[in-house]
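1. Sequence plus the predicted model coming up.
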Amino acid sequence: MNLFIKSLILSSIFLVSCSGEKQTETEDIHDHDYFDVNENQKALAGIVIGRPEMRVIGRRLSCSGMVDVPPESRANISAPLGGFVRKAPHYEGAKVKKGEVLIGLVHPDYIRLQQDYLEAKSQLDFLEIDLDRQKTLQEGEAASTKRVQEIKSSYRVIQARVKGLEAQLHLIGIDINELEDLKISEMIYLRAPFTGIISMEAVSLGKQVGPEEVLYQMYDPQHMHIELQVFPRDLELIKEGQKIRFKVQGGTNWHQGHIVQIGGAVHPEMRTIRVHAHPDDESIPLRPGTFVTAEIEVESVEVLSLPETAFQIEEGKYFVFITEGTGFRRIPLRVGKHADGFVELKQAIEDDVIVEGAYYLVEVDEDDHDH
């Protein structure tokens, strides 16, 4: 409502009020809970008349928590054997695909490991040929059993070494097939284990890193969930499938979700139990570690209710405006639960009620008394 319209309402109701004062000066009576408003004033104030309605209102349990992802959807990227950073194309917040290069490292140990593998593989190939030859000679009684056993023992030792070196090379991302073509790689690459977002980076070109250092952290945004902290005394009110609503720290919009799992142990320091919940809309842009405020709908009952806009609250008491004659009378009401913009009524009323616009009646009355 603009200032001009509001002024019209104030002026017109003020005239009525003044006229009423002249008529009742001798009687010394002024009814502060009655407001005489004509149809034009109702329209200008945007007053909407309605009646209490039966509505399902849920009792909600308030709690807090944070956004998280499951263990398989987050990763710490480290160099298995350390090295010097030669390539680092990504930064915090970057989106990467599974298998995409995150960092390139160089170190003499990587070259030495490939050399050791090629030498061991060559020895293994030689021993395999020699073992086959000795077995053939043994069948023709031209070679002793002892000699065959010695070669077999050496073969197994080198075979174990080759397998171990293969595992180490696989760990650092070296392709064995390419290496067997004598393509020794100077640089090894650490790749993204899944498609996701980089949440932390601690690299720079030329930096020497150790195997214990975390170079990148990343997460998969497709599997966000909310970890709520609930006190044990409230645990009997909670069950899987219950609806929740939540909003992130600093946000104004409420989002819907549901409980998926309830933890079984009490946190030793916080003395709370973790409740695992999922948002209903997985496209909501959430970030791991973000704090959230949440409300769990623990019970739902059908009650008589009015919208919050129908009430004037004064010193903790709730008032509504019922129709009376050509105007409205303010009366107190006992109320109960609040939810989704509605308030439960603890007492029944059969009158028509202002459900929108009551605020302007209060403003007019206050301005009237100022005059």
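-> Now that the structure is in, tell me what you want to look at. Quick caveat, the model's predicted, so the values are computed rather than measured.

2. quick one, phi/psi of residue 90?
-> The phi/psi pair for residue 90 (degrees, to the nearest 10) reads phi -110, psi 160.

3. Likewise for residue 171?
-> phi -60, psi -40.

4. before we move on, what about residue 303?
-> phi -140, psi 160.

5. again, but for residue 358
-> The phi/psi pair for residue 358 (degrees, to the nearest 10) reads phi -60, psi -30.

6. Can you verify my assumption that it contacts residue 318?
-> No: Residue 358 lies out of contact with residue 318 (C-beta atoms under 8 Å); the separation is 11.4 Å. The C-beta positions use only the backbone N, C-alpha and C, and glycine is treated the same way.

7. low pLDDT regions in the stretch 51-200 of the chain?
-> 139-143 (pLDDT under 70).

8. which residues do residue 358 and residue 318 both contact?
-> 311-312 (C-beta atoms under 8 Å, 6 or more residues apart in numbering).

9. ok, these two, which is more surrounded?
-> Counting neighbours by other C-beta atoms under 10 Å for residue 358 and for residue 318 shows that residue 358 has the greater number, 23 against 19.

10. How much space separates the more buried one from residue 328?
-> 8 Å (C-beta to C-beta, to the nearest Å).

11. shared neighbours, those two?
-> In contact with both residue 358 and residue 328: residue 321, using C-beta under 8 Å, 6+ apart.

12. Now the phi/psi pair for residue 284, please.
-> Torsion angles, degrees, to the nearest 10, at residue 284: phi -60, psi 130.

13. do residue 323 as well
-> phi -70, psi 140.

14. do residue 335 as well
-> phi -120, psi 170.

15. quick one, helices of the stretch 251-371 of the chain?
-> In the stretch 251-371 of the chain, the segments counted as helices under DSSP state H, counting those that start in this stretch are 358-370.

16. For stretch 258-267, buried residues please.
-> 259, 262-263 (16 or more other C-beta atoms under 10 Å).

17. same question, stretch 180-187
-> 185, 187.

18. and that stretch, how far out from the chain's middle?
-> Stretch 180-187 sits 44 Å away from the centroid of its parent chain (C-alpha atoms, centre = their mean, to the nearest Å).

19. what about it, start to end distance?
-> One end of stretch 180-187 sits 17 Å from the other (C-alpha to C-alpha, to the nearest Å).

20. Identify the residues contacting it?
-> Residues outside stretch 180-187 that contact it (C-beta under 8 Å, 6+ apart): 86-87, 104-106, 110-111, 114-115, 118, 121, 174, 178-179.

21. Same check on stretch 88-95?
-> 96, 101-104, 195-201, 203-205, 216.

22. List buried residues within those.
-> The buried subset of these - by 16+ other C-beta under 10 Å - is 96, 102-104, 196-199, 201, 203, 216.

23. who are the neighbours in contact with residue 172?
-> Residue 172 neighbours (C-beta under 8 Å, 6+ apart): 80-81, 110, 113, 188.

24. low-scoring stretches of the stretch 251-371 of the chain, by residue?
-> In the stretch 251-371 of the chain (pLDDT under 70), the answer is 362-371.

25. As CSV, the buried ones among the contacts of stretch 88-95 with distance to residue 339 and secondary structure would be great.
-> Converted to CSV, the buried ones among the contacts of stretch 88-95 look like this (distance: C-beta to C-beta, whole Å; DSSP: H, G, I helix; E, B strand; the rest coil):
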residue, distance to residue 339, secondary structure
96, 43, strand
102, 47, strand
103, 51, strand
104, 56, strand
196, 37, strand
197, 35, strand
198, 40, strand
199, 36, strand
201, 44, strand
203, 50, coil
216, 44, strand
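
26. Dead centre of the chain: give me the residue that sits there.
-> Nearest to the mean C-alpha position of the chain, by C-alpha atoms, centre = their mean, lies residue 67 at 3.5 Å.
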